[in-house]
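1. Sequence and predicted structure, then a few things I'm wondering about:
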There are 2 protein chains.
Amino acid sequence: MTDRQLIPAAGGVGLRLKRGESLRIIDPEGGQSGDLMAFAQDGSERMSNGRTFDYNGKVYLSTNDVLWSDRSNPLLTITADDVGRHDFLYASCSLEMYRIQYGVTGYHPNCHDNLRAALRELGVEADSLPTAFNFFMHAEVAVDGRLSLLPPKSRAGDSMVLRAEMDLAIALSACPASTCNGGAPPRPLAFEILRG
Amino acid sequence: MTDRQLIPAAGGVGLRLKRGESLRIIDPEGGQSGDLMAFAQDGSERMSNGRTFDYNGKVYLSTNDVLWSDRSNPLLTITADDVGRHDFLYASCSLEMYRIQYGVTGYHPNCHDNLRAALRELGVEADSLPTAFNFFMHAEVAVDGRLSLLPPKSRAGDSMVLRAEMDLAIALSACPASTCNGGAPPRPLAFEILRG
């Protein structure tokens, strides 16, 4: 029931959740953030940070908060959370981002490609991805709107649990961006599917 | 060169901008907010709040800030701004939002449908819209992440100017949601295309 699987460092995985099943995401070593993208299983609805901010009335999400779709349907409810701080403001890191912000010229592993590839294996062809839910990523909005990235608050073994509110295609990526992980090199994450 | 056109109260319009041209958005009566959606003219790139927050390092945008695409290309640069506070956190109001938050049962004019219809007339068929840029909308993020909506800061005649950084298909909507407009009934907005 709780077969633990790895998200390789800087890599991604795809999985399906039936309505009522839950996903536990684990940070085995601590201080590592990741990206979660959720689509309705048939690809007809997708995660929306704008709807989620509106219906929750806040930008920082934790236990009892709901991740909403662009069609205003609940996708996932956070039912447990050891960490308490996640980000839904930043787009997934992408090859272009590594070029612009890190000066990378060749290929660089990135959450955007990881998420798209994982979704494609689930039969969801998403040419464009909305802003992902960046679990364990510690972004802070100052009073004047300035953003800063701090090391994740997750300690070794910390996890969060999300319950599916509809049948979902989900992609997870262990983020390779050092600024999102306290300057550390990429580490793996893990997950379990809780079938209830 | 500066033919002023109306965005009807609770309605939308579509327009094309060539790279280098600018769009002036005007609040003729004051206190009215609107939604702006931008796609590359061929539909291949779309506005992204997540990329925009990342590359500007902040959530409140004004003069000299750039609105970025999901492909990490600049779409629009804000070159003038009488108002100084806009929102890029909330998804456009939609029929589902009016059902959930206002208890509306029949049809209700909404920015989502206005933007989609305007884009369709420009040849851009967007089944799913990303979070729009909500100009003149006054959202505030508290230190704990809580969101609040205040009356727009725009006074009668105030405007902002955005310069196109590529050829664009743009949709504008005069928002019908009373909470975004200080509780007032929907009023028109206006715009001018500055061909340089």
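-> Received, thanks.

2. Give me the below-cutoff pLDDT ranges for chain A.
-> Low-confidence segments of chain A, defined by pLDDT under 70: A:1-2.

3. Quick one: the helices in it, in order.
-> Under the criterion DSSP state H, helices of chain A are mapped to A:49-56, A:95-102, A:111-121.

4. Can you name the residues of chain A that neighbour chain B?
-> Residues of chain A found near chain B (Cβ under 8 Å from any Cβ of the partner chain) are A:46, A:48-51, A:53-55, A:57-60, A:70-72, A:89-92, A:94, A:96-97, A:99-101, A:128-132, A:141, A:143-147. The C-beta positions use only the backbone N, C-alpha and C, and glycine is treated the same way.

5. correct me, but A:R99 touches A:T105?
-> Yes: in this structure, A:R99 is within contact of A:T105 by Cβ atoms under 8 Å, at 7.3 Å.

6. Could you check which of those two is surrounded by more residues?
-> Neighbour totals were compared for A:R99 and A:T105, and A:R99 leads with 14 against 8 (other Cβ atoms under 10 Å in any protein chain shown).

7. mind listing what the residue nearest to A:E29 when sequence neighbours are not counted touches?
-> The shortest distance from A:E29 to any non-neighbouring residue, by Cβ to Cβ, 6 or more residues apart in numbering or on different chains, is to A:R187 (5.0 Å). Residues near A:R187 by Cβ atoms under 8 Å, 6 or more residues apart in numbering or on different chains: A:A9, A:P28, A:E29, A:G31, A:Q32, A:A174, A:N181.

8. swap in A:D81?
-> So A:D81 contacts A:S62, A:T63, A:M160, A:V161 (Cβ under 8 Å, 6+ apart).

9. and if we set it to 6 Å?
-> By Cβ atoms under 6 Å, 6 or more residues apart in numbering or on different chains, A:D81 lies in contact with A:S62, A:T63, A:M160.

10. Turn the buried ones among those into a named PyMOL selection, would you?
-> If you want just the buried ones from those in PyMOL, going by 16 or more other Cβ atoms under 10 Å in any protein chain shown, the selection is:
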select buried, chain A and resi 62+160
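
11. Show me which of the contacts of A:D81 is closest to chain B.
-> A:S62 (9.7 Å; Cβ to the nearest Cβ).

12. right, and that closest one touches A:V83 too?
-> No: A:S62 lies out of contact with A:V83 (Cβ atoms under 6 Å); the separation is 8.1 Å.

13. Which residue ranges of chain A form strands?
-> Counting by DSSP state E, chain A has strands at residues A:5-7, A:12-17, A:22-27, A:34-40, A:66-68, A:74-81, A:133-135, A:138-141, A:147-150, A:158-164, A:168-174, A:189-194.

14. now the last one, how far from the chain's geometric center?
-> On the basis of Cα atoms, centre = their mean, to the nearest Å, strand A:189-194 is displaced by 13 Å from the centre of the chain it belongs to.

15. ok, residues contacting that strand?
-> Contacts for strand A:189-194 (Cβ under 6 Å, 6+ apart): A:2, A:4-7, A:22, A:24-26, A:28, A:32, A:34, A:174.

16. and that strand, which strands flank it?
-> Paired strands of strand A:189-194, with direction, are strand A:5-7 (antiparallel), strand A:22-27 (antiparallel) (DSSP bridges).

17. Kindly report the same for the second one.
-> With DSSP bridges as the test, strand A:12-17 is paired with strand A:168-174 (antiparallel).

18. roughly how far out does the strand it pairs with sit from the chain middle?
-> Worked out by Cα atoms, centre = their mean, strand A:168-174 lies 7 Å from the chain centre.

19. outside of it, which residues touch it?
-> A:7, A:9, A:12-17, A:34-39, A:41, A:111, A:114-115, A:118-119, A:122, A:124, A:188-189.

20. List only buried entries from those.
-> A:7, A:9, A:12-15, A:17, A:34-39, A:41, A:111, A:114-115, A:118-119, A:122, A:124, A:188-189.

21. quick one, phi psi at the residue nearest to A:V124 when sequence neighbours are not counted?
-> Nearest in space to A:V124, with sequence neighbours left out and distances taken as Cβ to Cβ, 6+ apart, is A:G43 at 4.4 Å. Main-chain dihedrals, A:G43, degrees, to the nearest 10: phi 80, psi 0.
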